[in-house]
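Student: Just a sequence and a predicted model for now, questions to come.
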Amino acid sequence: MKVFIFDLLAYGEQLEHLKIGSELPYPLSNRYFKADVAVRTYAEHLEAWEEMDKLGYDGVGFNEHHCSPYGLMNSPNLMAAAAAQRTKKLKLLIYGNLLPLHEPLRLAEELAMLDCLSNGRLISGFARGIPREYQVHNVPLKDSRARYEEAYEIVTRAWSEEIFSYSGQFWSYKDVAIWPRPVQKPGPEIWIPIVGSKESIEFAGKKNAVITPGLARGGLQEDIIRYFAKCLANNGHQITPNHLSIALSAYVADSKAEAVREFAPYHLYFNRTLFSHGNFTETAKQRDAGYVSQASNDYVRPENMKAAAGLREDYRNMTMADFERQAENMPLGTAGEVTERIIGAAEAAGANQVQISLNRGALPHEMFMEQIRRFAREVLPALQAHEVKRVPLGEEIAA
């Protein structure tokens, strides 16, 4: 099993004291921004990634967000360039560049540079982004999918063709040959994060991409995997454990109670303050804005529709009691329990790749580093020794 640490790279100080009621104001004035905190935050995370490389993790994952302390990764490509020079073996999973928001030929060139800088260690995630990002960049939400699919074709053709031309709705190019080209042929592996929309699953199936199915475990994740397997089959591909990567939060301690006590303040801060800052997660509102279609969830079983609705209140109103209930089934606690729950989740999903979040709510640096080291010492060897060999939900489709 491949083990990645997913690093949100949130602003390195909690800002809960700035909330008005249950909301962190948006936009959050940059008078609250402290340059020294940002300098420290970037330096600490690069140090953490260097440590992951030394300790034998398979990769680090990070993403793109704008105008929020949620994540200081405005340009994940800049972070990947820095990481490429400080690591030797670690895969660099940019999860991902927001294709609809940027000029795609420039992205193709930057990603080719990164693959060369890292000697072929880049994994290129292509995401659509969240509604807040469209507001920031003044791009209509209704154009998101068309821009995404057009940009995807431009980037992948720029990587793989010696000379290409393209005439599209949003971008056009004539007789382009990028220098450099990627080390990997025809280009870096492509991963696509899936929150739940039917069209995104269909597109990933058409492109035979790797996906992360949903934000959490449960029935909705199962529905996504089933539908993805069907879409792959419709395009002549069979789902394998290497098509799937699942995301989990973990914390290793001497007991479950200790893990909950130490991890809870940061998990709650992420959910209640950071997660939906300036953003609407509700699928119904996203339909109204044209971001997703009216049929986007019609593959989801009725009992999983609430999970697919993406209600902000489920995050913003989370209590300690809620977290304690969730923690019973999470990889939090002793190394044995963490190992068992991660392997169990991977086997259930049929995923041979996991993305583990160890610091989702801006843990202090010393806590994050201790988790990186303890997880590497007590959990990582067993995970890397384990191989997921089948996708049970995919076998249902084949049958």
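Tutor: Perfect, I can see it now.

Student: From now on I want contacts and neighbour counts done on CA atoms only, so please keep to that.
Tutor: Fine.

Student: Report the distance from stretch 316-328 to the chain centre.
Tutor: Stretch 316-328 sits 22 Å away from the centroid of its parent chain (CA atoms, centre = their mean, to the nearest Å).

Student: Give me the neighbour count for the residue nearest to Lys230 when sequence neighbours are not counted.
Tutor: Nearest residue to Lys230 in three dimensions, chain neighbours excluded: Ile397, at 6.1 Å (CA to CA, 6 or more residues apart in numbering). By the criterion of other CA atoms under 10 Å, Ile397 has 16 neighbours.

Student: Only alpha carbons, please: show the host helix or strand of Ile397 as CSV.
Tutor: Taking DSSP states H and E as the definition, Ile397 sits inside helix 392-398. Extracted as CSV, the C-alpha positions of helix 392-398 are listed here (Å, rounded to 0.1, in the frame of the first residue of the first chain):
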residue,chain,number,x,y,z
PRO,A,392,-15.2,-5.6,-3.8
LEU,A,393,-17.6,-3.0,-5.1
GLY,A,394,-16.1,-3.2,-8.5
GLU,A,395,-16.6,-6.9,-8.6
GLU,A,396,-20.3,-6.3,-8.3
ILE,A,397,-20.2,-4.3,-11.6
ALA,A,398,-18.2,-7.0,-13.3
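
Student: other SSEs contacting that helix?
Tutor: Applying 3 or more CA pairs under 8 Å, 6 or more residues apart in numbering; DSSP states H and E, we find helix 392-398 packed against helix 219-234, helix 335-349.

Student: Let me see the contact set for the residue nearest to Lys230.
Tutor: The contact partners of Ile397, by CA atoms under 8 Å, 6 or more residues apart in numbering, come to 226, 229-230.

Student: can you redo those residues as a markdown table with pLDDT and distance to Pro186?
Tutor: Listed next are the contacts of Ile397 as a markdown table, based on pLDDT from 0 to 100; distance: CA to CA, whole Å:
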| residue | pLDDT | distance to Pro186 |
| --- | --- | --- |
| Arg226 | 97 | 28 |
| Ala229 | 98 | 24 |
| Lys230 | 97 | 26 |
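
Student: Let me know the closest of those residues to Leu90.
Tutor: Closest approach to Leu90 among these (CA to CA): Ala229, at 29.0 Å.

Student: so Gly125, which of the three states?
Tutor: Three-state assignment for Gly125 (DSSP: H, G, I helix; E, B strand; the rest coil): strand.

Student: Tell me the spacing between Val183 and Gly394.
Tutor: According to CA to CA, to the nearest Å, Val183 and Gly394 sit 32 Å apart.

Student: The two - which one has more neighbours?
Tutor: Of the pair Val183 and Gly394, Gly394 is the one with more neighbours under other CA under 10 Å, namely 24 against 20.
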